[in-house]
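Engineer: from the sequence below, what's the structure:
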Amino acid sequence: MLSVVVLISGQGSNLQALLQACEQADYPAHVVAVGADRDAAGLQHAEERGIATFVVRYRDFAGRDEWGHALLTEVQRFQPGLVVLSGLMRLLPPEVVDALSPRLINTHPAYLPEFPGAHGVRDALAAGVERTGASIIVVDNGIDDGPVIAQERVPVLPGDTEDSLHERIKPVERRLLIQAVRDIATERIDLKEPAAR
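Structural biologist: Numbering: from 1, shown residues only. Alright, predicted model coming up:
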């Protein structure tokens, strides 16, 4: 059984979907803890299920490296087999990435390498593309440029706004995340040799 720590910043909709998957008897992973960089509403999804939570507030530290060191200490207390960034809206410092990689994955609302960064949905709309997507990647020290382990296209429809497009991407993102965690747990995905982009 693969043990997972999930890191969030907000509502935790991907987290909620993963927790629901973990409640299925045949799902080969379980979330052992959920952490956040602020007082995130999504922590409630874990608390309701009796799953450990922790908060390492960025504002409580002098800088990113100090925050990252404290975050890594908290994550490593749970000895996870996998760490999932699920809407964590903060770049991890190299110390954290290097300690956890390659068993560190992230969801992204675009078809990488298209539209990396914090505004993937907005950037896709601004570019006028006919389709974007969702991706699951192994985190490295770049900006959304680690190896892709799963992705799927999502069409951009006439009249789409950032919100409407993002709402259509989210279910795809959740499905890809649940399947990627399953595939990592069952070794169908080897994180030491993820699929080449």
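Engineer: buried ones in the helix or strand that contains residue 19, by neighbour count?
Structural biologist: Assigned by DSSP states H and E, residue 19 falls within helix 13-22. Applying a neighbour-count criterion of 16 or more other CB atoms under 10 Å, one finds 13, 14, 15, 16, 17, 18, 19, 21, 22 buried in helix 13-22. C-beta coordinates here come from the backbone N, C-alpha and C atoms, glycine included.
Engineer: go on, stretch 122-141?
Structural biologist: 122-125, 129, 132-140.
Engineer: ok, longest helix in the protein?
Structural biologist: Assignment by DSSP state H gives helix 162-185 as the longest helix of the chain.
Engineer: report the distance from that helix to the chain centre.
Structural biologist: Using CA atoms, centre = their mean, to the nearest Å, the mean C-alpha position of helix 162-185 is found 10 Å from that of the whole chain.
Engineer: what's the local residue count around residue 102?
Structural biologist: Look at residue 102: counted by other CB atoms under 10 Å, it has 18 neighbours.
Engineer: please name the residues that touch residue 154.
Structural biologist: Contacts for residue 154 were tallied using CB atoms under 8 Å, 6 or more residues apart in numbering; they are 111, 131, 132, 133, 134, 165, 168, 169, 172.
Engineer: who does the helix or strand hosting the fourth one pair up with?
Structural biologist: Assigned by DSSP H and E, residue 133 belongs to strand 131-138. Using DSSP bridges, the strands paired with strand 131-138 in its sheet are strand 104-108 (antiparallel), strand 148-155 (antiparallel).
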